[in-house]
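> mind looking at a prediction? Sequence and model below.
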Amino acid sequence: MDREKYQKMMRGAGQLDYEIYLNTEALLACQKKPEDLCNPDELQFMIVHQIEELWMKLMATTLLDIDDEMKARNSFKVLTLFRRVHICQEMMTSQLALLETMSPKDYQQIRILLGNGSGQESPGFRVLLKMPEDLWATYDAVYLSGDSRTLEQIYDTEYNHDDAYMVAEALAEFDEQFQKFRNAHMQLIYRSIGVAANSLKGRPVEILNAGLRQKFFPDLWSVRAEMTDRWGGTYGKTRDKLESKPDA
Ligand code: HEM
């Protein structure tokens, strides 16, 4: 195939309404030119990171809207917007798999070009780490203290699958999806640079393990554990064996 001809076509002329509205000229110039790539996998490496940055921008913007909607207790709208965030999170995790098609050697060639760069410098990731604290404050102000209710009532003694429960579960889903991303990312690191490697900041990648245990909304996890303790009166004790029914 005529590589140059097709590469020119990929850039487009930037003149059509679609191209103008989406600013495709600038968008498609965000990656290195083909002749500047250290190897063919570098294009994929850049694109996956850039796309994930865009998903995080969309998620963070949506979380701002969710906060406003929670304050107005528009719970149906909150749930719809959370669905959008959760889908972005699922895509962020599944898209990491693309990078597993890159060989460890191809990645070493790319890695040399990354300086001391680290995903911890990602603007999208940094803002997403900050926002849950404010989201929880709003949830508390509207659905908990603002409504004179506790999570124990919402999840157990007064459980009726109401909006306070649904929004809490949407927050828990955000927490869980965040962990799924971090776990998949850790596997990607093992696959690319090995288990005992150092990051470009010279730190062992195992420092990411602390993040794997982070919970944004610890109360939403402890409410379940407390229920398990309460409901399981025989918790920790061996219960009687279930009796099998005699044959009819
Ligand atoms: C071959 C692919 C990848 C490798 C080998 C890799 C490797 C690493 C390493 C070694 C760290 C720790 C850095 C430090 O010590 O500061 C890190 C952190 C991070 N990386 Fe990646 N990464 C890859 C792909 C990605 C992609 C596609 C994203 C997309 C957003 C990403 C996002 C992040 C984030 C957000 C952190 C910080 C995580 C946290 O603090 O829990 N990485 N990565």
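Arrived safely.
> tell me where the model's unsure across the chain.
233-237, 248 (pLDDT under 70).
> ok and the residue in it nearest the ligand?
Residue nearest to the ligand within the chain: Gly119 (2.0 Å; C-beta to the nearest ligand atom). All C-beta spots, glycine's among them, are computed from the backbone N, C-alpha and C.
> that residue: what's its closest spatial neighbour, skipping adjacent residues?
Nearest non-adjacent residue to Gly119, counting by C-beta to C-beta, 6 or more residues apart in numbering: Phe125, 6.5 Å away.
> so what does the helix or strand harbouring the one you found touch, helix or strand wise?
Using DSSP states H and E, Phe125 sits within helix 123-139. Where contact means 3 or more C-beta pairs under 8 Å, 6 or more residues apart in numbering; DSSP states H and E, helix 123-139 is packed against helix 41-71, helix 163-193.
> now the ones you listed as CSV including mean neighbour count and distance to the ligand?
Shown next, in CSV, are the helices and strands packed on helix 123-139 (neighbours: other C-beta atoms under 10 Å; distance: least, C-beta to the nearest ligand atom, whole Å):
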stretch, mean neighbour count, distance to the ligand
helix 41-71, 17, 4
helix 163-193, 17, 4
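> relative to Arg111, which of these is closest?
Taking C-beta to C-beta, helix 163-193 is the member of those nearest to Arg111, at 7.5 Å.
> now the angle from that closest one to helix 123-139?
Angle between the axes of helix 163-193 and helix 123-139 is 160 degrees (criterion: axes from the mean of the first three to the mean of the last three C-alpha atoms, to 10 degrees).
> also compute the angle for helix 163-193 relative to helix 41-71, please.
Going by the same axes, to 10 degrees, helix 163-193 makes 170 degrees with helix 41-71.
> so what's the gap between helix 163-193 and the chain middle?
Chain-centre distance of helix 163-193: 5 Å, with C-alpha atoms, centre = their mean, to the nearest Å.
> show me what that helix is packed up against.
Against helix 163-193 (3+ C-beta pairs under 8 Å, 6+ apart) you get helix 75-95, helix 104-111, helix 123-139, helix 209-212, helix 218-231.
> quick one on the thing from earlier: so for the helix holding Phe125, what gets flagged as buried?
Across helix 123-139, burial judged by 16 or more other C-beta atoms under 10 Å covers 124-125, 127-128, 131-132, 135-136, 138-139.
> next one: phi and psi at Asn198?
As for Asn198, its main-chain torsions (degrees, to the nearest 10) stand at phi -100, psi 150.
> and for the residue nearest to it when sequence neighbours are not counted, the neighbour number?
Once flanking residues are discounted, Asn198 sits nearest to Pro204: 5.7 Å by C-beta to C-beta, 6+ apart. For Pro204, the tally of surrounding residues (other C-beta atoms under 10 Å) stands at 12.
> quick one: contacts for Pro204?
Pro204 makes contact with 196-198 under the criterion C-beta atoms under 8 Å, 6 or more residues apart in numbering.
> is there any residue in stretch 78-91 that contacts the ligand?
No: using C-beta under 6 Å from any ligand atom, stretch 78-91 never reaches the ligand; the gap is at least 11.3 Å.
> list the buried residues in that stretch.
Quick answer for stretch 78-91 (16+ other C-beta under 10 Å): 78-79, 81-82, 85-86, 88-89.
> coming back round to it: show me what the helix holding Phe125 is in contact with.
Under C-beta under 8 Å, 6+ apart, the answer for helix 123-139 is 52-53, 55-57, 59-60, 63, 66-67, 70-71, 119-120, 167-168, 171, 174-175, 178, 216-217, 219.
> alright, calling it a day.
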